[in-house]
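Peer 1: quick one: sequence plus predicted model below, questions after.
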Amino acid sequence: MESIKSHSYEVHLEELAEAALRQHIAKSNYSKVFILVDENTKKYCLPIFKKKLEKRVDAILEIQSGEDHKNIATCSKVWELLSRHDGDRKSLLLNLGGGVLTDLGGFVASTFKRGIDFINIPTTLLSMVDASIGGKTGVDLGALKNQIGVINQPQMVLVFPWFLKTLEARQLKSGYSEMLKHGLIMDADYWKSLKEKNEFIDALCIKKSISIKNDVVIQDPTEQGLRKILNFGHTLGHAIESYCLENPEKETLLHGEAIAIGMILEGYFSHELKGLSKLSLQEIKETFLRHFGRVTFDNQDIKAILKLLKYDKKNSHGDVNFVLLQEIGTALIDIKVPNNLFAKAFAYYAE
């Protein structure tokens with residue numbers, strides 16, 4: 001399976017990933033090689049990965065898993081560990097984990113000693129098709145998603161689909177949500193073929209989603225225009241994710257679960273404002289509800305969620321900007337949504 005080329009790095013899959021890693025380390029003469037893990041990847045992924053690496057590792061650095069640990073305090077811990085193990089500007093950090101870990105690890109590497117090399121080795125479906133691709137790194141500010149960070153590209157991304165065997169079904173579905181988004185914004189045929197899948201996503205689907213995101217990022221690496229389409233469902237989805245994370249009365253949602261809700265809500269806006277057909281809107285709603293079920297939000301929840309919209313990274317000059325669909329496979333950016341549509345969208349979701 002051919003590698004996927006970006007501006008300054010490549011995404012290598014399966015057996016090509018192993019060869020690329022060995023060759024890169026052999027020729028780069030790194031002073032230290034560190035692996036960043038959490039307790040889950042340390043137990044389930046690290047033993048297999050170390051056999052594939054076939055090189056001395058100078059230290060294993062461990063953080064706690066979960067979105068609530070994606071913060072500056074965790075970064076400080078990793079910076080201190082790198083210093084304690086004599087990390088310098090010629091060190092390499094291998095980020096072995098899901099989206100939280102690759103986001104945080106990329107940010108740590110980008111700022112330690114004003115920047116060291118890092119390689120992302122995603123272990124979840126979400127991180128394989130989304131979080132580890134495109135150079136976005138960062139952490140949350142309290143419950144607010146990804147408020148602190150930089151765009152900085154890895155040396156490479158290594159995708160080993162066999163890591164997916166270590167995941168529970170809920171985690172797989174979280175990544176599946178982002179794959180469905182890729183079809184909605186860029187490829188109607190991909191959406192149609194993907195939305196009927198119920199179980200394991202094969203390597204060809206993973207590569208297709210990576211290619212869609214990569215094609216967008218190549219054209220707009222710093223998110224000045226086209227790259228914004230990757231945020232379909234994320235404006236309300238991130239607000240919902242943050243609200244559920246900080247509210248003890250609500251069940252914490254995985255990223256893909258919250259984005260699935262956001263895509264239904266923003267699909268409703270698309271129908272009302274940009275001509276998305278009623279049939280397509282219903283198709284989107286039925287697909288996500290079939291795979292993810294429905295979450296209940298009362299009026300108090302909705303008001304609190306809408307207050308969080310002001311923190312969305314796409315905002316400009318006080319305006320909340322949405323990505324909406326003209327049709328399945330075609331997305332539009334920087335759309336303002338009238339206030340009277342928010343309650344209607346949540347009512348549509350609840351029907």
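Peer 2: The structure has been received and is ready for your questions.
Peer 1: got a list of what the nearest residue to Q147 once chain neighbours are set aside touches?
Peer 2: Once flanking residues are discounted, Q147 sits nearest to L141: 3.8 Å by CB to CB, 6 or more residues apart in numbering. From N, CA and C alone the C-beta is placed, and that goes for glycine too. By CB atoms under 8 Å, 6 or more residues apart in numbering, the contact list for L141 reads N71, Q147, I148.
Peer 1: beta-bridge partners for L141, please?
Peer 2: Listed beta-bridge partners, L141: L144 (assigned using DSSP bridges).
Peer 1: which intervals of the stretch 201-350 of the chain have sub-threshold pLDDT?
Peer 2: 313-318 (pLDDT under 70).
Peer 1: all strands for it, in order.
Peer 2: Under the criterion DSSP state E, counting those that start in this stretch, the stretch 201-350 of the chain contains strands at 322-327, 330-335.
Peer 1: what's the most buried one of these?
Peer 2: For the strands of the stretch 201-350 of the chain, the largest average neighbour count (mean count of other CB atoms under 10 Å) is found in strand 322-327, namely a mean of 22.
Peer 1: strand partners of that strand, parallel vs antiparallel please.
Peer 2: Paired with strand 322-327 in the same sheet, following DSSP bridges, are strand 330-335 (antiparallel).
Peer 1: ok now the strand it pairs with, how far from the chain's centre?
Peer 2: Offset of strand 330-335 from its chain centre (CA atoms, centre = their mean, to the nearest Å): 20 Å.
Peer 1: need the contact list for the residue lying closest to I240 once chain neighbours are set aside.
Peer 2: Closest residue to I240 apart from its sequence neighbours, by CB to CB, 6+ apart: A258 at 4.6 Å. Counting by CB under 8 Å, 6+ apart, A258 touches G237, H238, I240, E241, C244.
Peer 1: tell me which of those is nearest to N299?
Peer 2: Nearest to N299 out of those is I240 (CB to CB; 14.8 Å).
Peer 1: from Y348, how far out is the closest one?
Peer 2: 15 Å (CB to CB, to the nearest Å).
Peer 1: between these two, which one's more packed in?
Peer 2: For I240 and Y348, the more surrounded residue by other CB atoms under 10 Å is I240, and the numbers stand at 26 against 17.
Peer 1: could you check how far that one is from V295?
Peer 2: 8 Å.
Peer 1: between the two, what contacts are shared?
Peer 2: By CB under 8 Å, 6+ apart, I240 and V295 have these common neighbours: L253, I261.
Peer 1: helix or strand right after the host helix or strand of C75?
Peer 2: For C75, the host element (DSSP states H and E) is helix 72-84. Counting by DSSP H and E, the next helix or strand C-terminal to helix 72-84 is strand 91-97.
Peer 1: could I have the CA atoms of the helix or strand just after that following strand written out in CSV?
Peer 2: Reading on from strand 91-97 to the C-terminus, the next helix or strand found by DSSP H and E is helix 99-111. What follows is helix 99-111, C-alpha atoms only, in CSV (Å, rounded to 0.1, in the frame of the first residue of the first chain):
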residue,chain,number,x,y,z
GLY,A,99,-5.7,11.8,19.6
VAL,A,100,-5.2,13.2,23.1
LEU,A,101,-1.6,11.8,23.2
THR,A,102,-0.6,12.8,19.7
ASP,A,103,-2.0,16.3,20.1
LEU,A,104,-0.2,16.8,23.4
GLY,A,105,3.0,15.0,22.4
GLY,A,106,3.2,17.1,19.3
PHE,A,107,2.8,20.3,21.3
VAL,A,108,5.4,19.2,23.9
ALA,A,109,7.9,18.3,21.2
SER,A,110,7.2,21.6,19.3
THR,A,111,8.0,23.7,22.4
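Peer 1: who does helix 99-111 touch, helix- and strand-wise?
Peer 2: Applying 3 or more CB pairs under 8 Å, 6 or more residues apart in numbering; DSSP states H and E, we find helix 99-111 packed against strand 32-38, helix 72-84, strand 91-97, strand 117-122, strand 136-141, strand 144-151.
Peer 1: any stretches of the stretch 51-200 of the chain with poor pLDDT?
Peer 2: By pLDDT under 70, the low-scoring segments of the stretch 51-200 of the chain are 198-200.
Peer 1: for the stretch 101-250 of the chain, which segments count as helices?
Peer 2: For the stretch 101-250 of the chain, applying DSSP state H, counting those that start in this stretch gives helices covering 125-126, 169-186, 188-194, 203-219, 234-246.
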